[in-house]
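*Asks:* Model the structure of this input:
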Amino acid sequence: MNAVTAIPLQLRPMRAGDLQAIMEIEPRAYAYYWSEGIFRDCLRVGYSCWVLTSRSTGELIGYGVMSLAVGECHVLNLTIRPECQGQGFGRYLLGTLLDIARDRQVETVFLEVRPSNAPAVGLYRSLGFNEVGVRRRYYPADRGREDALVLALQL
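*Replies:* Prediction:
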């Protein structure tokens, strides 16, 4: 039994009131993280923003942000709190986001990932994402910039 099957989970739309908890997780999850303003802008423009919480405690476990357009979806942020990583929550959250995209008649899902983020690359590939390109020098890095793999999934 993994943590996902042991903990009752709730996925719900992200609210402005979630941003404090998100901003406690975001800088622990990434060296180069989104600001609170970026999350506020995503909410303001109507991106598909979700939080994954423990149904029993209300603790925020993770969150995801997608932009949806005609037939396409772009996963912009998918984060699991660091102490909960490796327990199936990322797979659960992404799978649920993909279900939301399917419900909205999305045909193709895109995302970028750092090649150095082996766990994320492995997760995406295990769910059927394929590399469709590279964005050179996309991400900030300790020594300059890091490329991004562009991955796509046909739904």
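*Asks:* Quick one: mean pLDDT over stretch 41-51.
*Replies:* Computed over stretch 41-51, the mean pLDDT rounds to 97.
*Asks:* gap between that stretch and the chain center?
*Replies:* 12 Å (CA atoms, centre = their mean, to the nearest Å).
*Asks:* Show me the strands in this protein, by range?
*Replies:* Using DSSP state E, the strands of the chain run over 9-13, 48-54, 60-69, 72-80, 108-113, 130-141, 144-154.
*Asks:* Same list, those, but as a markdown table with distance to Ala120 and mean neighbour count please.
*Replies:* C-betas here are computed from N, CA, C, even on glycine. Listed next are the strands of the chain as a markdown table, based on distance: least, CB to CB, whole Å; neighbours: other CB atoms under 10 Å:
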| stretch | distance to Ala120 | mean neighbour count |
| --- | --- | --- |
| strand 9-13 | 19 | 14 |
| strand 48-54 | 16 | 20 |
| strand 60-69 | 13 | 20 |
| strand 72-80 | 8 | 20 |
| strand 108-113 | 5 | 20 |
| strand 130-141 | 12 | 13 |
| strand 144-154 | 10 | 16 |
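*Asks:* what sits opposite the residue most central in space within the chain in the beta ladder?
*Replies:* The C-alpha lying nearest the average C-alpha coordinate of the chain belongs to Leu78 (CA atoms, centre = their mean; 1.1 Å). Beta-bridge partners of Leu78, counted by DSSP bridges, are Gly64.
*Asks:* change the start of the numbering to 50 and stick with it
*Replies:* With 50 as the first residue, the last one maps to Leu127.
*Asks:* Alright, calling it a day.
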